[in-house]
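Trainee: fold the following for me, if possible:
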Amino acid sequence: MTITLDEDVYDGLVRVIGRRKISQFLEDLARPHVMQDDLASAYQAMAADTEREQEALEWSNALIGDVADATR
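Mentor: Got it, this is the predicted structure:
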């Protein structure tokens, strides 16, 4: 596939993203706009991952301890 960009835009992509990373950057940018992923299904899959859920629970509980002594 070939796309056409303004030269200034391309130069900015090279400067900010890097010459060999532009394609992946543009794909990542476009994906959420063109893919019809079902968000509810994705959340269900994440919730079914018990190891990930346990790590998330431990992380969130650790945050509570971080703020327990914070001044209000």
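Trainee: the chain: helices as residue ranges?
Mentor: 7-16, 22-34, 39-48, 50-67 (DSSP state H).
Trainee: low-confidence regions, this structure specifically.
Mentor: Applying pLDDT under 70 to the chain picks out residues 37, 66-70, 72.
Trainee: burial count for the closest residue to residue 5 other than its chain neighbours?
Mentor: Leaving aside its chain neighbours, residue 5 sits nearest to residue 13 (7.5 Å; criterion: C-beta to C-beta, 6 or more residues apart in numbering). Yep, even glycine has a C-beta here, placed from its N, CA and C like the rest. Counted with other C-beta atoms under 10 Å, residues neighbouring residue 13 total 16.
Trainee: and what of residue 56?
Mentor: Around residue 56 there are 13 residues (other C-beta under 10 Å).
Trainee: again with the one 5 residues further on
Mentor: A total of 9 residues lie near residue 61 under the criterion other C-beta under 10 Å.
Trainee: same question, residue 1
Mentor: Neighbours of residue 1 (other C-beta under 10 Å): 3.
Trainee: distance of it relative to residue 26?
Mentor: Computed as C-beta to C-beta, to the nearest Å, the residue 1 to residue 26 distance reads 10 Å.
Trainee: no further questions, thank you.
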